[in-house]
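K.L.:
Sequence and predicted structure, then a few things I'm wondering about:
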Amino acid sequence: MEDKFLVSFWPHIYDKDSISRIMWTVFLCLILSGIAGVYFFGLHALLLIFVAIITALTTEGLIQYFRKKRITILDGSAALTGLLVVYNLPPQVPFWIPIVGSFFAIAFVKQAFGGLGRNIFNPALSARVFLLLAWPKYMTTFVAPAGSVDALTSATPLTLFKESNIGLSQMGLSYWDLFLGRRPGCIGEVAIIWLLLGAAILLFLRIITWHIPFSYILVLAGLSWMFDKNGLFKGDILFCLMSGGVILGVFFMATDYVTSPLTKRGKIIFGAGCGLLTFIIRRFSGYPEGVSFSILIMNAFVPLIDRYLKPRIYGKK
């Protein structure tokens, strides 16, 4: 008798969410941060955002066309990649920087591995590190937001702290300035208040879970407090979390579905590893920021984490 009941391989999970819905939801949750970046840094930042997104969409569409694959530029993944690329750029870079960055992210990090769902590393962070290593002058020169003091036109708070070991008051800043985004930095990372609002929406909608952000922030904040340059248990936790790209990286890039672990235990280990590496890079390396490098390094360990922490097969002792 011919079999009528066929069971395919896992997963057997049905959910109303789709790739397009998830990607565009994350994109919209990042919009307010971009608006704040344009408000603080001017029209040039807005043009950079458009250039990066258009380049990402065009690159993906052309590659899929020449590969004779279905063109999926409307699913939101390419637009989100372009947005995250430009959010990791200083606001005064020339237009060719986001063009090169978005092209590299889509062509070499995403499509070269087969497209969405097959890339090993986060495309936007890979592009940021590529640009940082190739053109460090453009990627490490920052401008102050409108109304800030001239002394901060070329250095972020993290850079000033690492090189001169000075506090917020000596920088002419306050925690409120860091929270609202009134400081030098990348376009999409400065406005902590809007990033947290977007992250809260993603958590509420269960598009992301608490496991990676919680473990990342807990480890980074704890180590930064315990092993500060000024002595044991003297670290400034709020400065550590709000002065760089931690919030953008923790909630919007470390939680990337493709490049993060599948299991809850794996996500916690992944986040903790990112927090540890971020602290080590910030504290002991020549770079003031370590978010991008730490997430990319942990991306490489995701297959191992998933392999050794996969759930027990039902019925297996």
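P.N.:
Looks like it came in fine. Residues are numbered from 1 along each chain as shown.
K.L.:
low-scoring stretches of the stretch 1-150 of the chain, by residue?
P.N.:
1-16, 147-150 (pLDDT under 70).
K.L.:
elements contacting the longest helix anywhere in the chain?
P.N.:
For the chain, the longest helix by residue count, based on DSSP state H, is helix 43-66. Using 3 or more C-beta pairs under 8 Å, 6 or more residues apart in numbering; DSSP states H and E, the elements in contact with helix 43-66 are helix 31-41, helix 77-87, helix 96-103. Heads up, the C-betas are built off the backbone N, CA and C, glycines and all.
K.L.:
which of the ones you listed sits most buried?
P.N.:
Among the helices and strands packed on helix 43-66, ranked by average contacts under mean count of other C-beta atoms under 10 Å, first place goes to helix 77-87 (a mean of 28).
K.L.:
Could you check the angle it makes with helix 31-41?
P.N.:
On the basis of axes from the mean of the first three to the mean of the last three C-alpha atoms, to 10 degrees, helix 77-87 is oriented at 30 degrees to helix 31-41.
K.L.:
got the CA coordinates for helix 77-87 in CSV?
P.N.:
Provided in CSV are the C-alpha atoms of helix 77-87 (Å, rounded to 0.1, in the frame of the first residue of the first chain):
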residue,chain,number,x,y,z
SER,A,77,17.0,42.2,4.4
ALA,A,78,19.1,44.2,2.0
ALA,A,79,17.6,47.5,3.1
LEU,A,80,18.2,46.6,6.7
THR,A,81,21.8,45.7,5.9
GLY,A,82,22.4,49.0,4.2
LEU,A,83,20.8,50.9,7.1
LEU,A,84,23.0,49.1,9.6
VAL,A,85,26.1,49.7,7.5
VAL,A,86,25.6,53.5,7.5
TYR,A,87,24.6,53.5,11.2
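K.L.:
wait, which of the helices and strands packed on helix 43-66 is closest to residue 57?
P.N.:
helix 77-87 (5.1 Å; C-beta to C-beta).
K.L.:
From the chain's centroid, how far away is the closest one?
P.N.:
From the chain centre to the centre of helix 77-87 is a distance of 10 Å (C-alpha atoms, centre = their mean, to the nearest Å).
K.L.:
Run the angle between that helix and helix 43-66 for me.
P.N.:
Inter-element angle recorded for helix 77-87 and helix 43-66: 150 degrees (by the same axes, to 10 degrees).
K.L.:
which one of the helices and strands packed on helix 43-66 lies closest to residue 113?
P.N.:
Among the helices and strands packed on helix 43-66, helix 77-87 sits nearest to residue 113 (C-beta to C-beta), with 13.3 Å.
K.L.:
Could I get the buried residue list for stretch 220-234?
P.N.:
For stretch 220-234, burial by neighbour count (16 or more other C-beta atoms under 10 Å) applies to 220-224, 228.
K.L.:
Between the two ends of it, what distance do you get?
P.N.:
Length of stretch 220-234, first residue to last, C-alpha to C-alpha, to the nearest Å: 14 Å.
K.L.:
Please give the element, helix or strand, for the nearest residue to residue 225 once chain neighbours are set aside.
P.N.:
In space, and not counting its chain neighbours, residue 225 is closest to residue 235: 3.9 Å by C-beta to C-beta, 6 or more residues apart in numbering. Using DSSP states H and E, residue 235 is not contained in any helix or strand.
K.L.:
Can you tell me how far residue 235 is from residue 224?
P.N.:
To residue 224, residue 235 is 4 Å away according to C-beta to C-beta, to the nearest Å.
K.L.:
By pLDDT, rank the buried residues of stretch 220-234 and give me the bottom one.
P.N.:
Within those, pLDDT reaches its minimum at residue 228, with 88.
K.L.:
Now do the helices in the stretch 51-200 of the chain.
P.N.:
Ranges of helices in the stretch 51-200 of the chain, per DSSP state H, counting those that start in this stretch, are 77-87, 96-103, 123-134, 136-139, 157-164, 168-171, 175-180, 192-204.
K.L.:
Thank you kindly, that will do.
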